[in-house]
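Visitor: Dropping a prediction and its sequence here:
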Amino acid sequence: MFADQGTREKIPVTVLSGYLGAGKTTLLNHILHNKDGLKVAVIVNDMSEVNVDANLVKSGNALSRTEEKLVEMSNGCICCTLRDDLLREVQKLAAEGRFEYILIESSGISEPVPVAQTFTYANPDLDIDLTSLSRLDTMVTVVDANRFWHDFASGESLLDRDQGATEADYRDIVDLLIDQIETCDVLLLNKCDLVEEEELVKLEAVLRKLQPSAKIIRTVNGVVDPKEILNTGLFDFEKTSMSSGWIAELTKKEHTPETEEYGIGSFVYRSRIPFHPQRLSYFFSNWPEEVVRAKGLVWIAAHGDYAASLSQAGTSIQFGPAGYWLASLPEDQQREVLESEPEARERWDDKWGDRMTELVFIGIDMNREDIEKRLARCLLSDDEMKQDWSRFNNPLPWVVEEFHN
Ligand SMILES: Nc1nc2c(ncn2[C@@H]2O[C@H](COP(=O)(O)OP(=O)(O)OP(=O)(O)O)[C@@H](O)[C@H]2O)c(=O)[nH]1
(Lines give C-alpha, C1' and ligand atoms only; values in the text may rest on other atoms or scores of the structure.)
Protein backbone atom coordinates (compact mmCIF):
# COMPACT_ATOMS: atom_id res chain seq x y z
CA MET A 1 0.00 0.00 0.00
CA PHE A 2 1.06 3.54 -0.64
CA ALA A 3 1.60 6.01 2.20
CA ASP A 4 -0.01 9.08 0.70
CA GLN A 5 -0.73 10.71 -2.63
CA GLY A 6 2.51 12.67 -2.53
CA THR A 7 4.68 9.56 -2.66
CA ARG A 8 2.44 7.52 -4.93
CA GLU A 9 3.49 6.90 -8.49
CA LYS A 10 1.28 8.47 -11.10
CA ILE A 11 -1.10 5.89 -12.46
CA PRO A 12 -0.62 5.28 -16.19
CA VAL A 13 -3.62 5.57 -18.50
CA THR A 14 -4.37 4.20 -21.95
CA VAL A 15 -7.27 5.69 -23.90
CA LEU A 16 -8.98 3.69 -26.65
CA SER A 17 -10.67 5.74 -29.35
CA GLY A 18 -12.29 4.73 -32.62
CA TYR A 19 -15.57 5.17 -34.40
CA LEU A 20 -18.65 3.20 -33.41
CA GLY A 21 -18.26 -0.51 -33.99
CA ALA A 22 -14.53 -0.38 -34.82
CA GLY A 23 -13.76 -2.99 -32.17
CA LYS A 24 -12.84 -1.08 -28.98
CA THR A 25 -14.82 -3.30 -26.60
CA THR A 26 -13.49 -6.42 -28.29
CA LEU A 27 -9.96 -5.08 -27.81
CA LEU A 28 -10.67 -4.16 -24.19
CA ASN A 29 -11.91 -7.67 -23.46
CA HIS A 30 -8.84 -9.16 -25.11
CA ILE A 31 -6.54 -6.99 -23.00
CA LEU A 32 -8.40 -7.84 -19.77
CA HIS A 33 -7.93 -11.53 -20.51
CA ASN A 34 -4.24 -11.11 -21.17
CA LYS A 35 -3.00 -8.52 -18.72
CA ASP A 36 -0.80 -10.85 -16.74
CA GLY A 37 -1.93 -9.96 -13.21
CA LEU A 38 -1.83 -6.19 -13.78
CA LYS A 39 -4.39 -4.50 -11.52
CA VAL A 40 -6.49 -2.60 -14.00
CA ALA A 41 -9.40 -0.20 -13.50
CA VAL A 42 -11.57 0.21 -16.58
CA ILE A 43 -13.70 3.19 -17.52
CA VAL A 44 -16.22 2.51 -20.26
CA ASN A 45 -17.95 5.46 -21.85
CA ASP A 46 -21.12 4.88 -23.83
CA MET A 47 -23.38 7.48 -25.41
CA SER A 48 -26.53 5.56 -24.67
CA GLU A 49 -28.35 5.36 -21.35
CA VAL A 50 -27.68 1.66 -21.09
CA ASN A 51 -23.96 1.12 -21.15
CA VAL A 52 -23.91 -1.76 -23.62
CA ASP A 53 -20.14 -1.84 -23.77
CA ALA A 54 -19.82 -2.06 -20.00
CA ASN A 55 -22.23 -4.99 -20.04
CA LEU A 56 -20.14 -6.65 -22.74
CA VAL A 57 -17.01 -6.15 -20.68
CA LYS A 58 -18.75 -7.56 -17.61
CA SER A 59 -20.07 -10.60 -19.44
CA GLY A 60 -16.78 -11.17 -21.25
CA ASN A 61 -14.68 -11.06 -18.09
CA ALA A 62 -14.82 -12.43 -14.62
CA LEU A 63 -13.71 -9.16 -13.04
CA SER A 64 -11.92 -9.81 -9.80
CA ARG A 65 -13.18 -7.56 -7.01
CA THR A 66 -9.78 -6.86 -5.60
CA GLU A 67 -7.78 -6.44 -8.76
CA GLU A 68 -10.18 -4.77 -11.11
CA LYS A 69 -12.95 -2.26 -11.23
CA LEU A 70 -15.33 -1.22 -13.97
CA VAL A 71 -16.64 2.33 -14.00
CA GLU A 72 -19.52 3.05 -16.35
CA MET A 73 -19.94 6.52 -17.78
CA SER A 74 -23.14 6.61 -19.78
CA ASN A 75 -25.46 9.00 -21.55
CA GLY A 76 -22.80 11.43 -22.71
CA CYS A 77 -19.31 11.70 -24.08
CA ILE A 78 -16.08 12.02 -22.09
CA CYS A 79 -14.62 14.47 -24.60
CA CYS A 80 -17.40 17.01 -23.97
CA THR A 81 -20.50 16.56 -21.79
CA LEU A 82 -18.88 14.10 -19.35
CA ARG A 83 -15.42 15.63 -19.20
CA ASP A 84 -15.74 16.79 -15.60
CA ASP A 85 -17.09 13.38 -14.59
CA LEU A 86 -14.05 11.77 -16.21
CA LEU A 87 -11.76 13.95 -14.09
CA ARG A 88 -13.61 12.97 -10.93
CA GLU A 89 -13.63 9.27 -11.77
CA VAL A 90 -9.91 9.16 -12.53
CA GLN A 91 -9.21 11.09 -9.33
CA LYS A 92 -11.26 8.57 -7.33
CA LEU A 93 -9.55 5.58 -8.92
CA ALA A 94 -6.11 7.06 -8.33
CA ALA A 95 -7.05 7.84 -4.72
CA GLU A 96 -8.04 4.22 -4.10
CA GLY A 97 -4.39 3.41 -4.57
CA ARG A 98 -4.96 -0.23 -5.47
CA PHE A 99 -4.78 -0.04 -9.25
CA GLU A 100 -1.70 -0.15 -11.39
CA TYR A 101 -3.35 0.95 -14.60
CA ILE A 102 -6.44 2.73 -15.95
CA LEU A 103 -7.83 1.68 -19.29
CA ILE A 104 -10.46 3.95 -20.81
CA GLU A 105 -12.76 3.06 -23.69
CA SER A 106 -14.11 6.32 -25.04
CA SER A 107 -17.41 6.49 -26.85
CA GLY A 108 -17.26 6.02 -30.60
CA ILE A 109 -17.86 9.72 -31.16
CA SER A 110 -15.16 11.03 -28.81
CA GLU A 111 -12.44 13.29 -30.11
CA PRO A 112 -9.02 12.38 -28.75
CA VAL A 113 -7.58 15.87 -28.22
CA PRO A 114 -10.01 17.07 -25.49
CA VAL A 115 -9.60 13.72 -23.72
CA ALA A 116 -5.81 14.08 -23.86
CA GLN A 117 -6.10 17.66 -22.57
CA THR A 118 -8.04 16.41 -19.56
CA PHE A 119 -4.91 14.52 -18.50
CA THR A 120 -2.40 17.13 -19.54
CA TYR A 121 -3.76 20.37 -18.08
CA ALA A 122 -5.15 21.17 -14.65
CA ASN A 123 -8.80 22.22 -14.57
CA PRO A 124 -8.97 25.37 -12.39
CA ASP A 125 -12.78 25.24 -12.14
CA LEU A 126 -12.80 21.80 -10.62
CA ASP A 127 -9.82 21.99 -8.37
CA ILE A 128 -8.62 18.65 -9.69
CA ASP A 129 -5.21 18.30 -11.25
CA LEU A 130 -4.90 14.95 -12.95
CA THR A 131 -1.32 15.67 -13.94
CA SER A 132 -0.28 15.02 -10.35
CA LEU A 133 -2.27 11.77 -10.08
CA SER A 134 -2.08 10.12 -13.44
CA ARG A 135 0.04 9.93 -16.56
CA LEU A 136 -1.46 9.54 -19.99
CA ASP A 137 0.64 6.73 -21.41
CA THR A 138 -0.82 5.77 -24.80
CA MET A 139 -3.55 7.06 -27.09
CA VAL A 140 -4.84 4.18 -29.18
CA THR A 141 -7.16 4.52 -32.16
CA VAL A 142 -8.98 1.50 -33.53
CA VAL A 143 -9.90 1.71 -37.22
CA ASP A 144 -12.37 -0.66 -38.86
CA ALA A 145 -10.51 -1.77 -42.00
CA ASN A 146 -13.71 -3.07 -43.52
CA ARG A 147 -15.81 0.08 -43.05
CA PHE A 148 -13.15 2.76 -43.47
CA TRP A 149 -13.75 3.79 -47.08
CA HIS A 150 -17.50 3.43 -46.69
CA ASP A 151 -17.61 5.78 -43.69
CA PHE A 152 -15.02 8.06 -45.24
CA ALA A 153 -17.03 8.59 -48.39
CA SER A 154 -20.48 8.46 -46.83
CA GLY A 155 -20.95 12.25 -46.68
CA GLU A 156 -23.06 11.65 -43.58
CA SER A 157 -23.02 13.52 -40.33
CA LEU A 158 -23.41 12.00 -36.88
CA LEU A 159 -26.95 13.45 -36.78
CA ASP A 160 -27.81 11.70 -40.05
CA ARG A 161 -27.04 8.45 -38.26
CA ASP A 162 -28.67 9.56 -35.03
CA GLN A 163 -25.31 9.35 -33.28
CA GLY A 164 -24.72 12.96 -32.22
CA ALA A 165 -23.58 13.87 -28.71
CA THR A 166 -26.34 16.48 -28.64
CA GLU A 167 -29.05 17.62 -31.04
CA ALA A 168 -26.68 20.32 -32.25
CA ASP A 169 -23.79 17.96 -32.96
CA TYR A 170 -23.23 18.74 -36.63
CA ARG A 171 -19.92 16.92 -36.95
CA ASP A 172 -19.35 14.89 -40.08
CA ILE A 173 -18.37 11.26 -39.60
CA VAL A 174 -15.36 11.68 -41.85
CA ASP A 175 -14.06 14.58 -39.73
CA LEU A 176 -14.33 12.45 -36.63
CA LEU A 177 -12.53 9.53 -38.31
CA ILE A 178 -9.73 11.82 -39.40
CA ASP A 179 -9.45 13.41 -35.96
CA GLN A 180 -9.12 10.03 -34.33
CA ILE A 181 -6.50 8.89 -36.84
CA GLU A 182 -4.48 12.10 -36.72
CA THR A 183 -4.12 12.09 -32.94
CA CYS A 184 -2.83 8.78 -31.64
CA ASP A 185 0.33 6.94 -30.67
CA VAL A 186 -0.81 3.50 -31.79
CA LEU A 187 -3.25 2.80 -34.58
CA LEU A 188 -4.88 -0.62 -34.64
CA LEU A 189 -6.19 -1.55 -38.04
CA ASN A 190 -8.86 -4.00 -36.93
CA LYS A 191 -11.16 -6.44 -38.74
CA CYS A 192 -8.35 -7.35 -41.12
CA ASP A 193 -10.04 -10.73 -41.60
CA LEU A 194 -12.73 -9.02 -43.65
CA VAL A 195 -10.46 -7.30 -46.18
CA GLU A 196 -8.33 -8.65 -49.03
CA GLU A 197 -4.57 -8.33 -48.59
CA GLU A 198 -4.20 -6.00 -51.57
CA GLU A 199 -6.77 -3.59 -50.15
CA LEU A 200 -5.21 -3.75 -46.70
CA VAL A 201 -1.79 -2.82 -48.00
CA LYS A 202 -3.24 0.21 -49.76
CA LEU A 203 -5.31 1.27 -46.76
CA GLU A 204 -2.26 0.96 -44.54
CA ALA A 205 -0.33 3.21 -46.88
CA VAL A 206 -3.08 5.85 -46.79
CA LEU A 207 -3.24 5.70 -42.99
CA ARG A 208 0.54 6.00 -42.83
CA LYS A 209 0.34 9.16 -44.92
CA LEU A 210 -2.41 10.62 -42.73
CA GLN A 211 -0.61 9.56 -39.55
CA PRO A 212 3.13 9.09 -40.12
CA SER A 213 4.18 8.93 -36.45
CA ALA A 214 1.94 6.30 -34.89
CA LYS A 215 2.75 2.63 -34.83
CA ILE A 216 0.26 0.88 -37.10
CA ILE A 217 -0.65 -2.69 -36.16
CA ARG A 218 -3.03 -4.99 -38.02
CA THR A 219 -5.46 -6.87 -35.79
CA VAL A 220 -8.30 -9.37 -35.93
CA ASN A 221 -10.73 -9.20 -33.01
CA GLY A 222 -8.40 -6.77 -31.25
CA VAL A 223 -5.80 -9.46 -30.66
CA VAL A 224 -2.63 -7.57 -29.92
CA ASP A 225 0.20 -8.00 -27.44
CA PRO A 226 -0.84 -5.84 -24.41
CA LYS A 227 2.70 -4.45 -24.38
CA GLU A 228 1.86 -2.58 -27.57
CA ILE A 229 -0.74 -0.43 -25.82
CA LEU A 230 0.02 -0.55 -22.09
CA ASN A 231 3.00 1.17 -20.49
CA THR A 232 4.48 2.14 -23.84
CA GLY A 233 5.40 5.63 -22.63
CA LEU A 234 4.59 6.88 -26.12
CA PHE A 235 2.19 9.73 -25.31
CA ASP A 236 3.54 13.25 -25.29
CA PHE A 237 0.97 16.01 -25.72
CA GLU A 238 3.05 18.15 -28.06
CA LYS A 239 4.23 15.22 -30.13
CA THR A 240 0.96 13.29 -30.26
CA SER A 241 -1.25 16.28 -31.01
CA MET A 242 1.10 17.36 -33.80
CA SER A 243 1.59 13.90 -35.26
CA SER A 244 -0.68 14.20 -38.29
CA GLY A 245 0.54 13.79 -41.84
CA TRP A 246 -0.50 17.28 -42.91
CA ILE A 247 1.58 18.92 -40.17
CA ALA A 248 4.55 16.72 -41.09
CA GLU A 249 4.22 17.79 -44.72
CA LEU A 250 3.92 21.47 -43.84
CA THR A 251 6.91 21.49 -41.55
CA LYS A 252 9.21 19.47 -43.82
CA LYS A 253 12.40 21.47 -44.25
CA GLU A 254 13.11 20.37 -47.78
CA HIS A 255 10.82 18.70 -50.16
CA THR A 256 12.51 15.49 -51.14
CA PRO A 257 10.70 13.87 -54.03
CA GLU A 258 8.97 10.81 -52.64
CA THR A 259 8.33 7.46 -54.19
CA GLU A 260 4.60 7.21 -54.38
CA GLU A 261 3.52 3.88 -52.96
CA TYR A 262 0.23 2.79 -54.50
CA GLY A 263 -0.19 6.27 -55.94
CA ILE A 264 -0.52 7.82 -52.47
CA GLY A 265 1.15 11.17 -52.46
CA SER A 266 1.18 14.64 -50.96
CA PHE A 267 2.27 18.15 -51.77
CA VAL A 268 2.03 21.67 -50.42
CA TYR A 269 0.45 24.41 -52.50
CA ARG A 270 1.82 27.86 -51.64
CA SER A 271 0.86 31.25 -53.01
CA ARG A 272 1.59 34.87 -52.18
CA ILE A 273 -1.39 36.02 -54.25
CA PRO A 274 -4.89 35.89 -52.70
CA PHE A 275 -7.76 33.82 -54.04
CA HIS A 276 -10.81 35.34 -55.63
CA PRO A 277 -13.66 34.22 -53.34
CA GLN A 278 -16.05 33.33 -56.14
CA ARG A 279 -13.54 31.26 -58.08
CA LEU A 280 -12.34 29.52 -54.92
CA SER A 281 -15.93 28.69 -54.07
CA TYR A 282 -16.26 27.11 -57.51
CA PHE A 283 -13.12 25.07 -56.85
CA PHE A 284 -14.64 23.84 -53.58
CA SER A 285 -17.81 22.71 -55.31
CA ASN A 286 -15.74 20.85 -57.90
CA TRP A 287 -13.30 19.40 -55.44
CA PRO A 288 -10.83 16.89 -56.96
CA GLU A 289 -12.06 13.48 -55.86
CA GLU A 290 -8.57 11.99 -55.56
CA VAL A 291 -7.77 14.30 -52.64
CA VAL A 292 -8.31 12.41 -49.40
CA ARG A 293 -7.25 15.18 -47.05
CA ALA A 294 -6.38 18.85 -47.41
CA LYS A 295 -5.65 21.33 -44.71
CA GLY A 296 -4.04 24.70 -44.22
CA LEU A 297 -4.38 28.46 -44.23
CA VAL A 298 -5.91 30.39 -47.09
CA TRP A 299 -5.43 34.00 -48.13
CA ILE A 300 -8.66 35.17 -49.63
CA ALA A 301 -9.36 38.59 -51.14
CA ALA A 302 -12.25 39.25 -48.80
CA HIS A 303 -13.02 39.38 -45.09
CA GLY A 304 -10.54 42.12 -44.35
CA ASP A 305 -7.71 41.05 -42.18
CA TYR A 306 -8.68 37.48 -41.45
CA ALA A 307 -6.81 34.39 -42.50
CA ALA A 308 -9.14 31.56 -43.45
CA SER A 309 -8.63 27.94 -42.56
CA LEU A 310 -9.55 25.09 -44.84
CA SER A 311 -9.96 21.53 -43.63
CA GLN A 312 -11.19 18.88 -46.03
CA ALA A 313 -11.60 15.16 -45.49
CA GLY A 314 -13.56 13.14 -48.01
CA THR A 315 -16.73 15.00 -48.90
CA SER A 316 -16.56 17.36 -45.93
CA ILE A 317 -15.02 20.77 -46.52
CA GLN A 318 -14.84 23.18 -43.61
CA PHE A 319 -13.89 26.73 -44.32
CA GLY A 320 -13.87 29.63 -41.88
CA PRO A 321 -11.93 32.32 -40.03
CA ALA A 322 -8.65 31.20 -38.50
CA GLY A 323 -7.52 34.48 -36.90
CA TYR A 324 -5.89 37.78 -37.84
CA TRP A 325 -2.91 37.96 -40.13
CA LEU A 326 -0.01 39.28 -38.14
CA ALA A 327 0.42 41.95 -40.84
CA SER A 328 -2.97 43.41 -39.93
CA LEU A 329 -2.05 44.01 -36.29
CA PRO A 330 -0.56 47.27 -34.94
CA GLU A 331 3.12 47.65 -35.78
CA ASP A 332 4.40 47.31 -32.24
CA GLN A 333 2.66 43.94 -31.93
CA GLN A 334 4.07 42.83 -35.28
CA ARG A 335 7.55 43.82 -34.19
CA GLU A 336 7.24 41.93 -30.93
CA VAL A 337 6.29 38.69 -32.68
CA LEU A 338 8.86 39.07 -35.43
CA GLU A 339 11.62 39.68 -32.91
CA SER A 340 10.78 36.57 -30.96
CA GLU A 341 10.00 34.25 -33.86
CA PRO A 342 12.76 33.85 -36.44
CA GLU A 343 10.57 31.57 -38.53
CA ALA A 344 7.91 34.28 -38.86
CA ARG A 345 10.68 36.70 -39.90
CA GLU A 346 11.93 34.35 -42.58
CA ARG A 347 8.48 34.03 -44.09
CA TRP A 348 7.74 37.74 -43.95
CA ASP A 349 7.02 39.46 -47.27
CA ASP A 350 7.92 43.16 -47.53
CA LYS A 351 4.57 44.09 -48.99
CA TRP A 352 2.11 41.51 -47.65
CA GLY A 353 3.73 40.35 -44.44
CA ASP A 354 2.56 36.87 -43.45
CA ARG A 355 -0.41 36.80 -45.82
CA MET A 356 -0.14 33.70 -47.97
CA THR A 357 -1.87 30.46 -48.81
CA GLU A 358 -0.28 27.25 -47.63
CA LEU A 359 -2.31 24.12 -48.23
CA VAL A 360 -1.32 20.49 -47.81
CA PHE A 361 -2.92 17.97 -50.16
CA ILE A 362 -2.85 14.23 -49.46
CA GLY A 363 -4.46 11.91 -51.96
CA ILE A 364 -4.44 8.88 -54.19
CA ASP A 365 -3.34 9.22 -57.83
CA MET A 366 -3.52 13.01 -57.57
CA ASN A 367 -2.68 15.02 -60.64
CA ARG A 368 -0.63 17.66 -58.88
CA GLU A 369 -0.07 19.74 -61.97
CA ASP A 370 -3.74 19.88 -62.77
CA ILE A 371 -4.75 20.76 -59.19
CA GLU A 372 -2.12 23.51 -59.06
CA LYS A 373 -3.28 24.87 -62.41
CA ARG A 374 -6.90 24.91 -61.27
CA LEU A 375 -5.92 26.68 -58.04
CA ALA A 376 -3.80 29.19 -59.94
CA ARG A 377 -6.87 30.10 -61.97
CA CYS A 378 -8.60 31.06 -58.71
CA LEU A 379 -5.89 33.59 -57.82
CA LEU A 380 -6.44 37.30 -58.48
CA SER A 381 -5.18 38.58 -61.82
CA ASP A 382 -2.82 41.58 -61.91
CA ASP A 383 -5.77 43.75 -62.77
CA GLU A 384 -7.90 42.36 -59.92
CA MET A 385 -5.05 42.95 -57.49
CA LYS A 386 -5.54 46.68 -58.08
CA GLN A 387 -9.31 46.62 -57.59
CA ASP A 388 -11.36 47.07 -54.43
CA TRP A 389 -11.43 43.50 -53.05
CA SER A 390 -14.44 44.14 -50.84
CA ARG A 391 -16.58 44.48 -53.98
CA PHE A 392 -15.87 40.96 -55.23
CA ASN A 393 -18.79 38.61 -55.24
CA ASN A 394 -18.23 36.29 -52.29
CA PRO A 395 -20.45 33.23 -52.05
CA LEU A 396 -18.17 31.60 -49.48
CA PRO A 397 -19.80 31.16 -46.12
CA TRP A 398 -17.78 32.57 -43.26
CA VAL A 399 -18.88 29.86 -40.91
CA VAL A 400 -18.28 26.14 -40.80
CA GLU A 401 -19.98 24.87 -43.93
CA GLU A 402 -20.03 21.86 -46.09
CA PHE A 403 -19.82 21.39 -49.79
CA HIS A 404 -20.57 18.11 -51.36
CA ASN A 405 -19.38 16.87 -54.71
N1 LIG B 1 -15.01 -9.92 -38.34
C2 LIG B 1 -14.57 -9.21 -37.31
N3 LIG B 1 -15.45 -8.72 -36.42
C4 LIG B 1 -14.97 -8.01 -35.38
C5 LIG B 1 -13.59 -7.76 -35.21
N6 LIG B 1 -13.43 -7.00 -34.10
C7 LIG B 1 -14.66 -6.78 -33.60
N8 LIG B 1 -15.60 -7.37 -34.36
C9 LIG B 1 -17.06 -7.33 -34.19
O10 LIG B 1 -17.49 -6.01 -34.50
C11 LIG B 1 -18.60 -5.65 -33.69
C12 LIG B 1 -18.31 -4.34 -32.96
O13 LIG B 1 -17.24 -4.56 -32.07
P14 LIG B 1 -17.09 -3.76 -30.71
O15 LIG B 1 -15.85 -4.26 -30.04
O16 LIG B 1 -18.34 -3.81 -29.93
O17 LIG B 1 -16.87 -2.31 -31.26
P18 LIG B 1 -16.80 -0.94 -30.45
O19 LIG B 1 -15.78 -0.10 -31.10
O20 LIG B 1 -16.63 -1.20 -29.01
O21 LIG B 1 -18.25 -0.37 -30.72
P22 LIG B 1 -19.00 0.86 -29.98
O23 LIG B 1 -18.94 0.56 -28.53
O24 LIG B 1 -20.38 0.80 -30.57
O25 LIG B 1 -18.28 2.09 -30.35
C26 LIG B 1 -18.83 -6.82 -32.76
O27 LIG B 1 -19.84 -7.61 -33.31
C28 LIG B 1 -17.49 -7.56 -32.78
O29 LIG B 1 -17.63 -8.93 -32.52
C30 LIG B 1 -12.68 -8.31 -36.18
O31 LIG B 1 -11.46 -8.11 -36.14
N32 LIG B 1 -13.23 -9.01 -37.19
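Guide: Cool, the structure landed.
Visitor: quick one: residue 140 and residue 184 touch, right?
Guide: Yes. Shown here, residue 140 and residue 184 form a contact pair, counting by C-beta atoms under 8 Å, at 6.2 Å. Glycine gets a C-beta too; all of them are placed from N, C-alpha and C.
Visitor: residues bridging contact with these two, i.e. touching both?
Guide: residue 17 (C-beta atoms under 8 Å, 6 or more residues apart in numbering).
Visitor: Which neighbouring elements make contact with the host helix or strand of residue 343?
Guide: Following DSSP states H and E, one finds residue 343 within helix 342-346. For helix 342-346, the contact count by 3 or more C-beta pairs under 8 Å, 6 or more residues apart in numbering; DSSP states H and E identifies helix 331-340 as packing neighbours.
Visitor: ok, back up a step: ok now the helix holding residue 343, how far from the chain's centre?
Guide: In terms of C-alpha atoms, centre = their mean, to the nearest Å, the centre of helix 342-346 is found 27 Å from the chain centre.
Visitor: go on, stretch 224-231?
Guide: With C-alpha atoms, centre = their mean, you get 22 Å for stretch 224-231.
Visitor: Can you give the contact residues for it?
Guide: By C-beta under 8 Å, 6+ apart, the residues outside stretch 224-231 that reach it are 12, 14, 16, 27, 30-31, 34-36, 38, 101, 103, 137-138, 140, 186, 188, 215, 217.
Visitor: Ok, stretch 373-386 next?
Guide: With C-beta under 8 Å, 6+ apart, stretch 373-386 has contacts from 269, 271, 273-276, 279-280, 282-283, 288, 301, 389, 392.
Visitor: at 10 Å instead, please
Guide: By C-beta atoms under 10 Å, 6 or more residues apart in numbering, the residues outside stretch 373-386 that reach it are 269, 271-284, 286, 288, 299-301, 357, 359, 361, 367, 387, 389, 392.
Visitor: For it, measure first residue to last.
Guide: Stretch 373-386 has an end-to-end distance of 22 Å (C-alpha to C-alpha, to the nearest Å).
Visitor: give the contact list for residue 125.
Guide: Counting by C-beta under 10 Å, 6+ apart, residue 125 touches 84, 87.
Visitor: Give me the phi and psi for it.
Guide: Backbone torsions of residue 125, given as degrees, to the nearest 10, read phi -70, psi -30.
Visitor: ok, for the most centrally placed residue in the chain, nearest residue in space, not its chain neighbours?
Guide: With distances taken as C-alpha atoms, centre = their mean, the residue of the chain nearest its centroid is residue 179 (2.3 Å). Excluding the flanking residues, the one nearest residue 179 by C-beta to C-beta, 6 or more residues apart in numbering is residue 111, at 5.1 Å.
Visitor: how about the strands of this structure, start to end?
Guide: 11-17, 40-46, 69-74, 101-105, 134-144, 186-190, 215-218, 264-271, 291-298, 306-313, 316-324, 357-364 (DSSP state E).
Visitor: tally of neighbours for the spatially closest residue to residue 135 that is not a sequence neighbour?
Guide: In this structure, residue 135 finds its nearest non-sequential neighbour in residue 10, 4.2 Å apart by C-beta to C-beta, 6+ apart. Neighbours of residue 10 under the rule other C-beta atoms under 10 Å: 15.
Visitor: Wait, residue 353 touches residue 333, no?
Guide: No. Residue 353 lies out of contact with residue 333 (C-beta atoms under 10 Å); the separation is 11.9 Å.
Visitor: Touching both of those two, which residues are there?
Guide: In contact with both residue 353 and residue 333: residue 326, using C-beta under 10 Å, 6+ apart.
Visitor: Could you check how many residues crowd around the closest residue to the ligand within the stretch 101-250 of the chain?
Guide: Closest contact between the stretch 101-250 of the chain and the ligand, by C-beta to the nearest ligand atom, is at residue 108 (3.2 Å). A total of 22 residues lie near residue 108 under the criterion other C-beta under 10 Å.
Visitor: re the thing from before, residues in contact with the residue nearest to the centre of the chain?
Guide: 17, 79, 110, 111, 112, 113, 141, 171, 244, 313.
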